[in-house]
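Chemist: Below is the sequence, then the predicted model.
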Amino acid sequence: MKYIRTALALFLTSLLASTAWADGENISKVNGSIRVASGRQVGSVETVNGSIRLEDSVTAGNIETVSGSIDIGRDCSVGDIGAVNGDVTLDTGAKAGSAELVNGDFRLQEQAQIRGNVTSVNGSVTLAKGARVQGRVENVNGAIELDGARIGNGIKTVNGDIEIGAGSQVDGGILVEKPGFSVFSKRKPRITIGPDAVVTGTLKFEREVELRVSSRARVGKIEGATPIRD
């Protein structure tokens, strides 16, 4: 019995040590989720099968997972974010370098920021009030929605709806590309630019869309579509 208790104690000590990461240390797993406690400073955080959760005010390097969601807490600061199958959310005031998703929705909560680009193949991109992407927002399938948010280098999509909500600003224009394959949906993407929204640069449409522009919005040159003025 004494040996069993000793072995169990050693096992528990090893298990606890495996999750008590030192400041600045990289965190890596193959199977299993990762949670980093509030206020920690760590290196890169990576897992293959599992979600990643950073509590508030964490500083970290790149954040990556293959299958699992990524949740970045309030006022965190991280490097680049990558996910293959899973949603990504940055809470209020969080900051990251760039974000690249394959299948999953991306959300920036109020005052959150991305210094680079946001790209997603299949998934929506949502920016809450005061959120900012300094680079480009791009996807193939999925809605792109801004609510009083700002994008610094344009929006590009193929098959997604775009809603530039009231008070939002997009510098660098909008591009809706022509689908490269006939299997894409033949529905017309709906592009809505709300009151007091600003889109600088060219709004270029290589396929048929439904474009609605508020009479109180300010937009650049429009190519390939005739706007419906609301």
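Modeler: All right, it came through fine. Numbering: from 1, shown residues only.
Chemist: who touches Lys29 in this structure?
Modeler: By C-beta atoms under 8 Å, 6 or more residues apart in numbering, Lys29 lies in contact with 46-48, 50. To be clear about C-beta, it is placed using only N, CA and C from the backbone, and glycine gets the same treatment.
Chemist: which residues touch Ser38?
Modeler: Applying C-beta under 8 Å, 6+ apart to Ser38 gives the contacts 55-58, 73.
Chemist: Buried only: go through these for me.
Modeler: 55-58, 73 (16 or more other C-beta atoms under 10 Å).
Chemist: any chance of those in CSV, plus pLDDT, secondary structure and distance to Ala83?
Modeler: Listed next are these as CSV, based on pLDDT from 0 to 100; DSSP: H, G, I helix; E, B strand; the rest coil; distance: C-beta to C-beta, whole Å:
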residue, pLDDT, secondary structure, distance to Ala83
Glu55, 98, coil, 19
Asp56, 98, coil, 21
Ser57, 98, coil, 22
Val58, 98, coil, 17
Gly73, 98, coil, 16
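Chemist: Pass me the low-pLDDT residue ranges in this structure, would you?
Modeler: Applying pLDDT under 70 to the chain flags the ranges 1-22, 181-185.
Chemist: who touches Val198 in this structure?
Modeler: Val198 neighbours (C-beta under 8 Å, 6+ apart): 168-170, 217-219.
Chemist: can you pull up the bridge partners for it?
Modeler: With DSSP bridges as the criterion, Val198 is bridged to Gln169, Arg218.
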